[in-house]
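>>> Have a look; sequence and predicted model below, questions after that.
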Amino acid sequence: MRNLITKGFLEYIICLLGITIFLIGGTRVSFADKVGDESSKEFSKRYDNSGGAKEDDGEEGVEGGGEGGEGDEGSHNAGRNCLTSGCHSGSGEEHFSIGGTIYTDADGTDAMSGVKIKVIDTNGSIIKLTSDQLGNFYTQKSVSAPFTITVSYQGRKVKMPTKASDGGCNASGCHVAGSAGRIFINTNDLDLSGTVTESSSDGGTSEISYNSDIKSILDAKCISCHQSGGVKSDVPLTTYSEVTNSRLVTPGSADSLLIRKLNKDLSEGTMWNNLNSTSEYDKIKNWIVVYNAQESSSSQGSAGAAISGAKVRLSQYGRIKYRTTTDSTGAFVLGKVKAGEYTLKISKKGYKLYTQTYQMNQSNVASLEITLDKKQ
């Protein structure tokens, strides 16, 4: 009997030891798993949050966003130049090749999330990004400058007029408040107005003048940068006196700086990408060289009677987006036109079709002055 009691007691002790060992081992494994799980979650929170740095499975093929910051599960340091701040430069924890922030205006008042950014590098590689909740976007992919950059949001599209030589969009001298202005897309769409008149009653003139021929080209292609608040605000091109400044134009000279800047065959022809029209380049060149950069044609005038009932159309990709007709004074207004590049066409029975590429800006939209030639 005593032996049975002793044997039972030993079995009881062994059982308690087994349970204790199991609990100790189980607790250790469980704690390790918990740490690993939390670490994984933290990494996911920093880089896979909404707008985080991951590939998007949608048709846009989007990548973009930023890492988590203090008090924020998304990106941080909006408006700072991530590429040179020491965080995401070559010596930082995560190297970014392109990074920036998008706002609702040039002053950087409010961030814009969900903006699509398309980057094409010098090799033709395309990267598509999306701004996150703080307006930030970035990529760690290897890309080669210079870059062609376009941003779009809800049908609005803004293209950087010149190629970017660096991926640090928020760098000093680039898109910072008080300099060139922040990257922004204005959702307050603006009206496009203008007047349509016929060529002079003597059948028109073959002369080229600023008022009749050049102003409309510069308004459509150049003043988005060359105006107050633009990237090239130090060289405005909004008036005749500004365009014919002696720094830019020497009447009769093909070596005028404005011609060289527009020449696609010259290394200094940085304005060609925005002009992108051989016929318009030839017209500006002839205006300066042949017609001595005259303000108005020397005949009876470049414009005659107002044309009422002319059809005014703005199209994108072959589809008409905005349309109207001129009133009795030849005036027209296209209301609330979204920023982007369009084809402008103006037609009237008995007149030749007028057509040009037109870039709708986000501010300081100049009124157009169009003349139509009568059909022979």
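Yep, that arrived.
>>> what bits of the stretch 151-300 of the chain have low per-residue confidence?
178-180, 200-206, 229, 298-300 (pLDDT under 70).
>>> hey, where'd the helices end up in it?
Remark: helices assigned in the stretch 151-300 of the chain by DSSP state H, counting those that start in this stretch are 215-221, 240-243, 257-262, 272-275, 278-289.
>>> Where do the domain boundaries of this protein fall?
50-187, 190-372 (automatic domain parsing).
>>> Dump these into a markdown table; add mean neighbour count as well.
No exception for glycine: its C-beta is placed from N, CA and C like everyone else's. What follows is these, written out as a markdown table (neighbours: other Cβ atoms under 10 Å):
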| stretch | mean neighbour count |
| --- | --- |
| domain 50-187 | 18 |
| domain 190-372 | 17 |
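>>> Glu198 reaches Ala305, doesn't it?
Yes - using Cβ atoms under 8 Å, Glu198 makes contact with Ala305 at a distance of 5.5 Å.
>>> returning to what we had before: mind checking which of the helices of the stretch 151-300 of the chain is nearest Gly135?
When those are compared by Cβ to Cβ, helix 272-275 sits nearest Gly135, at 25.6 Å.
>>> Identify the bridge partners of the nearest residue to Leu372 once chain neighbours are set aside.
Excluding the flanking residues, the one nearest Leu372 by Cβ to Cβ, 6 or more residues apart in numbering is Tyr351, at 4.1 Å. Beta-bridge partners of Tyr351, counted by DSSP bridges, are Lys374.
>>> Identify the residues contacting Tyr351.
Contact analysis of Tyr351 by Cβ atoms under 8 Å, 6 or more residues apart in numbering lists Glu198, Ile307, Ala310, Leu372, Asp373, Lys374, Lys375.
>>> Among the residues you listed, which one sits closest to Gly252?
Closest approach between the contacts of Tyr351 and Gly252, by Cβ to Cβ: Asp373, at 26.7 Å.
>>> Dig out what Ala306 forms beta bridges with.
Where Ala306 sits in a bridge, its partners, by DSSP bridges, are Thr197.
>>> Apologies, that question was intended for Leu192.
Beta-bridge pairing for Leu192 (DSSP bridges): Leu334.
>>> quick one, what contacts it?
Residues in contact with Leu192, defined by Cβ under 8 Å, 6+ apart, are Leu314, Tyr322, Val333, Leu334, Val337, Met360, Val365, Leu368.
>>> if we can go back for a sec, want to try JSON lines for the contacts of Tyr351, with distance to Asn186 as columns?
Below are those laid out as JSON lines (distance: Cβ to Cβ, whole Å):
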{"residue": "Glu198", "distance to Asn186": "35"}
{"residue": "Ile307", "distance to Asn186": "32"}
{"residue": "Ala310", "distance to Asn186": "29"}
{"residue": "Leu372", "distance to Asn186": "32"}
{"residue": "Asp373", "distance to Asn186": "35"}
{"residue": "Lys374", "distance to Asn186": "39"}
{"residue": "Lys375", "distance to Asn186": "40"}
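>>> Which one of these is nearest to Ser113?
Checking the contacts of Tyr351 one by one against Ser113 (Cβ to Cβ), the nearest turns out to be Ala310, at 41.6 Å.
>>> my guess is the closest one meets Asp327, correct?
No - with contact defined as Cβ under 8 Å, Ala310 does not count as touching Asp327 (9.8 Å).
>>> rewinding a little: out of the contacts of Leu192, the closest to Phe147 would be?
For the contacts of Leu192, the nearest to Phe147 is Met360 (22.7 Å; Cβ to Cβ).
>>> Correct me if wrong: that closest one contacts Lys338.
Yes - with contact defined as Cβ under 8 Å, Met360 and Lys338 form a contacting pair (7.0 Å).
>>> Any chance of the backbone angles for the residue lying closest to Gly135 once chain neighbours are set aside?
Closest residue in space to Gly135, ignoring its immediate chain neighbours: Ala111 at 3.2 Å, by Cβ to Cβ, 6+ apart. Torsion angles at Ala111 (phi, psi; degrees, to the nearest 10) stand at phi -70, psi 150.
>>> Tell me the spacing between Ala111 and Ser152.
Computed as Cβ to Cβ, to the nearest Å, the Ala111 to Ser152 distance reads 16 Å.
>>> Nearest to Val290 among the contacts of Leu192?
In terms of Cβ to Cβ, no member of the contacts of Leu192 lies closer to Val290 than Leu368, at 24.6 Å.
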